[in-house]
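Engineer: Dropping the sequence and predicted coords here.
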Amino acid sequence: MEIPIVLQPILVLLATAGIMPIIAALARAAKAEKARDVVAIAAFAASMYSLVQLYQKIMADGAQRYVFATFGPDRGGVEIYADMYGVYFGMIFCGIGLMVAIYSFRYMEVDTGLDRYYALLLILVAGLIGVAFSGDFFNLFVFWEMMCISSYTLVTFRKYRWEPVEAGFKYLVMSTLGSLLALYGMSMLYGMAGNLNFAALRTFMVAEGAKANPFMLYFIMGTIIAGFGVTAAMVPLHTWLPDAHPAAPSSISAMLSGVVIKAGIYSMSRGLFAIFNPSVFDYGTVLMIFGVVTITVANIMALMQRDVKRLLAYSSIVNIGYILTGLGIGGYALVHYSAAAPEAAMSVAIFAIGGALFHTFNHAIGKGLLFLCSGCFVHEAGTRDIAELEGIGKKMIFSGTSFTIGLLALAGIPPLSGFWSKLFIILAGFSIPDDGFLKLISIIMVVNSVFAASYYLWLLQRIMLKTPKSTIERVREAPFTMVLPVVLLAIACVVVGVFPGPIIRVATEATKVLLGGW
């Protein structure tokens, strides 16, 4: 029986995770333990190939679905549903997973239990793709918990140290509370509509939403924002992330910042825009306020860090703020200007949300790059202290140069990739000149962008321009399989910055799918 194309990327990863203990045992018996690593890398590559094929299928024939159960005619059901919005996130999730698997080939070789490590990494990415491909809240929550449980375990993988155990427990408690809050909102939706299918909920809101209690509807939206906002590391629900990053292996730090927090953004945006008409419900204002508060608080905290991974963690929170603000500007424009100028409002919304999705991609590759580079530094120097890492970029030329590109990209220096997405979000805020509130939001973003650039350049100066300390005099470049994904991500930052058109087009199509029909 042919496996539906929409299931293939998930099943490849889950099947490989399931047989990983057998593969590891056979590899040990044959005294070729690296075969386990190769199989994991091959599984990610095969899943990525399936996603590319799925993308082409969606482009040609529209959204693809596989229905597990239905609730009668026109009532939707439990289904895997892949549209342009979901496949955009799915390819980001799997692409970073592939880079991390290659990086782990040498980075994780000092650890034991690597069959469990790769199985958990495969399950993590399968859960992430499943979240992106869920056509209903039931499936989304199942895959969400799969993703969460594997990520908790990976943060605490080096459990013989107290720091990972403490950070993982904090992550577990906070994320579980967030998941329960989101689940409570889902249960209220089910009580109102008798369904959890996104399309069915959307139909219910169009037909019956006006009769529902507005307070209850906004309360449900609040549970979606706050519940998924914990995993997205939105201020003030962010405190687990700066602890988890330094404690986790650098490969897992790249996954947390590169893709796991983006799953929070995906679930939040899908749960809001797919169900609640953004021209009627003003959740855009809430997202903007949370966005600029997140940017400002995290920027201040980043400036005070001396642990390189902790600084990068706060930088990730800053960039989540930009993405939230972009989504908020889109929703704000639709609810406040659709009645008077519907075409202009939709144009601003597509520009702002498209910029947010473009920044999601740019931050995934840029922050994945920076965490993998920091892992190279820590692997060779044995310290995360920025003062002790001064000048290490001169000793590790490929890692140092790639680190420089990642810092400049996230600082928004043209023509690197991060410049364009930040510019689109800021310009979207200025695109309605008579709106003082939007103008204030955009000015705050501009000020914070300059502020963030200052500590990116400060870190660049410490790592690349300072004279190397005697403690790192004998440091050499990291192994090839660690440097390879770092260089590939650095090249991506440059190429996407110089030729942003293809990614912008995909992000725009994904935005239109998210806003489709409203």
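Structural biologist: Cool, the structure landed.
Engineer: for the chain, what's the longest helix?
Structural biologist: Criterion DSSP state H: the longest helix present in the chain is helix 342-381.
Engineer: Mind exporting the C-alpha coordinates of the next helix or strand after that helix to CSV?
Structural biologist: Per DSSP states H and E, the first helix or strand lying C-terminal to helix 342-381 is helix 392-395. Output of helix 392-395 as CSV, limited to C-alpha atoms (Å, rounded to 0.1, in the frame of the first residue of the first chain):
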residue,chain,number,x,y,z
ILE,A,392,39.3,32.4,19.5
GLY,A,393,37.9,33.3,16.0
LYS,A,394,41.5,33.9,14.9
LYS,A,395,42.4,30.4,15.9
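Engineer: Stretch 252-266: end-to-end distance?
Structural biologist: Terminal residues of stretch 252-266 are spaced 20 Å apart (Cα to Cα, to the nearest Å).
Engineer: Identify each buried residue in the longest helix of the chain, please.
Structural biologist: Across helix 342-381, burial judged by 16 or more other Cβ atoms under 10 Å covers 345-346, 348-381. For glycine as for every other residue, the C-beta is placed from the backbone atoms N, C-alpha and C.
Engineer: Low-confidence stretches in the stretch 1-150 of the chain?
Structural biologist: Per-residue confidence for the stretch 1-150 of the chain (pLDDT under 70) gives these ranges: 1, 69-76.
Engineer: Quick one: the strands in this protein, in order.
Structural biologist: For the chain, applying DSSP state E gives strands covering 64-70, 77-82.
Engineer: any chance of the ones you listed in JSON lines, plus distance to L172 and mean neighbour count?
Structural biologist: Listed next are the strands of the chain as JSON lines, based on distance: least, Cβ to Cβ, whole Å; neighbours: other Cβ atoms under 10 Å:
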{"stretch": "strand 64-70", "distance to L172": "29", "mean neighbour count": "14"}
{"stretch": "strand 77-82", "distance to L172": "27", "mean neighbour count": "22"}
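Engineer: wait, which of the ones you listed is closest to F105?
Structural biologist: strand 77-82 (29.9 Å; Cβ to Cβ).
Engineer: Next, count neighbours for E166.
Structural biologist: Around E166 there are 14 other residues, counting by other Cβ atoms under 10 Å.
Engineer: Pretty sure it sits against A248.
Structural biologist: No. Judged on Cβ atoms under 8 Å, E166 makes no contact with A248 at a distance of 11.9 Å.
Engineer: which residues of the stretch 1-150 of the chain fall in helices?
Structural biologist: For the stretch 1-150 of the chain, the helices defined by DSSP state H, counting those that start in this stretch occupy 8-29, 34-61, 84-107, 114-132, 137-155.
Engineer: next one: the stretch 401-518 of the chain
Structural biologist: In the stretch 401-518 of the chain, the segments counted as helices under DSSP H, counting those that start in this stretch are 417-430, 436-460, 480-498, 501-515.
Engineer: got CSV for these, with distance to R474 too?
Structural biologist: Below are the helices of the stretch 401-518 of the chain laid out as CSV (distance: least, Cβ to Cβ, whole Å):
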stretch, distance to R474
helix 417-430, 34
helix 436-460, 23
helix 480-498, 18
helix 501-515, 41
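Engineer: For the protein, give me the ranges with low pLDDT.
Structural biologist: By pLDDT under 70, the low-scoring segments of the chain are 1, 69-76, 210, 517-518.
Engineer: The residue positioned nearest the centre of the chain: what's it in contact with?
Structural biologist: Nearest residue to the geometric centre of the chain (Cα atoms, centre = their mean): K262, 2.3 Å. Applying Cβ atoms under 8 Å, 6 or more residues apart in numbering to K262 gives the contacts F89, I92, F93, A232, T360, H363, A364.
Engineer: give me that answer again for 10 Å
Structural biologist: Going by Cβ atoms under 10 Å, 6 or more residues apart in numbering, K262 touches 89, 92-93, 96, 128, 131-132, 231-232, 320, 323, 360-361, 363-364.
Engineer: go on, S316?
Structural biologist: 233, 238, 241-242, 245, 253, 256-258, 261, 298, 302, 363, 366-367, 370-371, 410 are the contacts of S316 under Cβ under 10 Å, 6+ apart.
Engineer: Tabulate the helices of the stretch 1-150 of the chain in TSV, adding columns for distance to I329.
Structural biologist: Output for the helices of the stretch 1-150 of the chain, formatted as TSV (distance: least, Cβ to Cβ, whole Å):
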stretch	distance to I329
helix 8-29	32
helix 34-61	27
helix 84-107	18
helix 114-132	23
helix 137-155	25
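Engineer: V78: which of the ones you listed is closest?
Structural biologist: Nearest of the helices of the stretch 1-150 of the chain (Cβ to Cβ): helix 137-155, 5.3 Å.
Engineer: in that closest one, what's buried?
Structural biologist: Neighbour-count burial for helix 137-155 flags 137-141, 143-155 (criterion: 16+ other Cβ under 10 Å).
Engineer: swap in stretch 166-180?
Structural biologist: Buried residues in stretch 166-180, defined by neighbour count with 16+ other Cβ under 10 Å: A167, G168, K170, Y171, L172, M174, S175, G178, S179.
Engineer: Equivalent analysis for stretch 292-307, please.
Structural biologist: Neighbour-count burial for stretch 292-307 flags V292, V293, T294, I295, T296, V297, A298, N299, M301, A302, Q305, D307 (criterion: 16+ other Cβ under 10 Å).
Engineer: go on, stretch 108-126?
Structural biologist: For stretch 108-126, by 16+ other Cβ under 10 Å, it's 108, 114-126.
Engineer: Please apply the same query to stretch 305-314.
Structural biologist: So stretch 305-314, judged by 16+ other Cβ under 10 Å, has buried residues Q305, D307, V308, K309, R310, L311, L312, A313, Y314.
Engineer: Nearest to R270 among those residues?
Structural biologist: A313 (25.2 Å).
Engineer: That closest one: what's it in contact with?
Structural biologist: 233, 238, 240-246, 253, 256-257, 298, 301-302, 305, 307, 367, 371.
Engineer: Among these, which lie within helices?
Structural biologist: Among the contacts of A313, DSSP H puts 240-246, 253, 298, 301-302, 367, 371 in helices.
Engineer: what's the closest of those to T508?
Structural biologist: Among those, and counting by Cβ to Cβ, the member closest to T508 is K367, at 22.7 Å.
Engineer: what sits against the residue nearest to the closest one when sequence neighbours are not counted?
Structural biologist: Spatial nearest neighbour of K367, excluding adjacent residues (Cβ to Cβ, 6 or more residues apart in numbering): S257 at 4.4 Å. Listed by Cβ under 10 Å, 6+ apart, the contact partners of S257 are 96, 233, 241, 244-245, 309, 312-313, 315-317, 319-320, 363-364, 366-368, 370-371.
Engineer: Hmm, A345 and I432 touching each other?
Structural biologist: Yes. Judged on Cβ atoms under 10 Å, I432 makes contact with A345 at a distance of 8.8 Å.
Engineer: overlap in contacts of the two?
Structural biologist: Common neighbours of I432 and A345 (Cβ under 10 Å, 6+ apart) are Y332, A333, H336, Y337.
Engineer: who's in contact with the nearest residue in space to L26 that is not next to it in sequence?
Structural biologist: Closest residue to L26 apart from its sequence neighbours, by Cβ to Cβ, 6+ apart: A35 at 7.7 Å. When contacts are counted by Cβ under 10 Å, 6+ apart, A35 touches I23, A24, L26, A27, R28.
Engineer: The last one and T112 touch, don't they?
Structural biologist: No. Counting by Cβ under 10 Å, R28 sits too far from T112 to count as a contact (11.7 Å).
Engineer: tell me, how many neighbours does R158 end up with?
Structural biologist: 17.
Engineer: Next up, the contacts around it.
Structural biologist: V110, D111, P164, V165, G168, A247, A248, P249, I252.
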